[in-house]
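Participant: Sequence first, predicted model second:
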Amino acid sequence: MRTAEQPYHHGDLRAALLDRAAQQLRTGTVADLSLRALARDLGVSHAAPNRHFPDRQAFLAALARAGWERLDSALAAADPGAGAGLRPRLLALGRAYVHFATGEPALLELMFAGKAAGESHEGPGLSGPDAVVADAQARGEVRAGDPAALATALWAALHGVAALSVSGVLRGGDVDVLLVQTVDALLDGLRPR
């Protein structure tokens, strides 16, 4: 039974639940998330989230998708464009990725946890490196080959730097030093032969 203090309707409850969950993940873990608690925080009945998410798995999948969209937007905003050259683009993408990872470590973990999110990821987030590699190939800066495969190798290296940063193995300036070294090593391997 709903009370006057717990309305069923909310302006955009789905978005509000995802936003509040993302905020909570900045200081907590996925295991700490509760749709019931989120509903209480937003001032709606505990049953209200069921209209948008039939179960916890659906909620986590939507939260992971929203994370990928945010990451893709952050990468797009950081990309200085093809005219900047390959090295500055890779460094900008790497720095944006590390910034996202260190600011949203629990969300990033959920994004990469296909079983936790209820699905594998096949969408946003990977488009930044794909576009950079394809552009660089068109300009002759990167060797021939499947741009998606080369971008995946690039992504793996950037993710590795971010993971080391999130884990606390690297601190402060050491992260950027490793990022520069990683990008330079990648560029050496990507050069046309």
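Facilitator: Ah, there it is. Numbers count the residues shown, from 1 in each chain.

Participant: Is the residue nearest in space to the middle of the chain inside a helix or a strand, and which specific one?
Facilitator: The centre of the chain sits closest to Leu71, judged by C-alpha atoms, centre = their mean, with a distance of 3.9 Å. For Leu71, the host element (DSSP states H and E) is helix 56-78.

Participant: Okay, buried residues for that helix please.
Facilitator: Across helix 56-78, burial judged by 16 or more other C-beta atoms under 10 Å covers 59-68, 70-72, 74-75, 78. To be clear about C-beta, it is placed using only N, CA and C from the backbone, and glycine gets the same treatment.

Participant: what does the domain assignment say about the chain?
Facilitator: The record's domain parsing of the chain by automatic domain parsing lists 1-53, 59-190.

Participant: Tell me which of those is the most buried.
Facilitator: Mean neighbour counts were compared across the domains of the chain using mean count of other C-beta atoms under 10 Å; the top stretch is domain 59-190, at a mean of 17.

Participant: So what's the gap between that domain and the chain middle?
Facilitator: Relative to the mean C-alpha coordinate of its chain, domain 59-190 is positioned 9 Å out (C-alpha atoms, centre = their mean, to the nearest Å).

Participant: looking at the chain, which helix or strand does the model trust least?
Facilitator: helix 114-117 (a mean of 52; mean pLDDT, DSSP states H and E).
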